[in-house]
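A.B. asks: Give me a 3D structure for the following:
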Amino acid sequence: APAAGRAETLSTLVLDADGRLLRPFTAADGAWRLPVARADVDPRFLKLLMAYEDKRFLSHPGVDPLAALRAAGQAIVHRGVVSGGSTLTMQVARLLTPDRSRTLTRKLNEAAAALALERAVGKDGVLDLYLRLAPYGGNLEGVRAASLAYFGKEPGRLSIAESALLIAVPQSPEARRPDRDPKAARAARDRVLARLAAAG
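C.D. replies: Predicted structure coming up:
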């Protein structure tokens, strides 16, 4: 699907009379991308996600100048990228565009797209897009598809450990897939939990 339309190209769902999910089908582009919004996800997941990925998410305009300066300083000292300085909004902007290059030009375009995205949809819209588009390995996209595939339950009932895993996997979706490499997935989950615990 075209990049901008991917967020709206969702799986078809079969529901029972009470609205419970009976069976999802893949979206037209072959992805498991189920409808999901903030209200469908355990609030602890959202708090942990922001604490881990973008602790100033609620206060920056889409780009975090402090994180960008830190990333630039680390790149100069280490003569290479150590941390990307990407905000959640920049990650969503990346997921909405087909350019996967790792150049400074792409990073600047991503920052501009993040600023425009926040103006267009606001913080809540950015979170909803992240929840729908985050990659979880194979053709799994979005936290609901991942929660159902990996844990057999809706994301409104995630434990802290399950939330940590679903925060870790999108950083390296193929390498951290719990169905392919449980050891790597568990180690990534534990790193997320340790960092969050250290941050209080």
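
A.B. asks: Check whether Leu22 sits in a helix, strand or coil.
C.D. replies: Under DSSP: H, G, I helix; E, B strand; the rest coil, Leu22 falls in the strand class.

A.B. asks: Go ahead and confirm it touches Val14.
C.D. replies: Yes. Assessed by Cβ atoms under 8 Å, Leu22 is found in contact with Val14 at 4.6 Å. No exception for glycine: its C-beta is placed from N, CA and C like everyone else's.

A.B. asks: so what's the spatially most central residue of the chain up against?
C.D. replies: The centroid of the chain falls nearest to Ala134 when counting by Cα atoms, centre = their mean (3.7 Å). By Cβ atoms under 8 Å, 6 or more residues apart in numbering, the contact set of Ala134 is Gln91, Leu95, Glu141, Gly142, Val143, Ala146, Pro170.

A.B. asks: Please apply the same query to Leu46.
C.D. replies: Arg38, Leu127 are the contacts of Leu46 under Cβ under 8 Å, 6+ apart.

A.B. asks: Now it: which helix or strand?
C.D. replies: helix 43-53 (DSSP states H and E).

A.B. asks: looking at this, Gly137 is in a helix?
C.D. replies: No. Counting by three-state DSSP, Gly137 is not found in a helix; it is coil.

A.B. asks: Run through the strands of this protein in chain order.
C.D. replies: Shown for the chain, the strands assigned by DSSP state E span residues 13-15, 21-24, 32-33, 140-141.

A.B. asks: possible to save those as TSV with mean neighbour count, distance to Leu104 and mean pLDDT?
C.D. replies: Converted to TSV, the strands of the chain look like this (neighbours: other Cβ atoms under 10 Å; distance: least, Cβ to Cβ, whole Å; pLDDT from 0 to 100):
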stretch	mean neighbour count	distance to Leu104	mean pLDDT
strand 13-15	11	41	92
strand 21-24	12	40	92
strand 32-33	24	31	94
strand 140-141	26	28	96
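
A.B. asks: Ala197: which of those strands is closest?
C.D. replies: Closest approach to Ala197 among these (Cβ to Cβ): strand 140-141, 27.3 Å.
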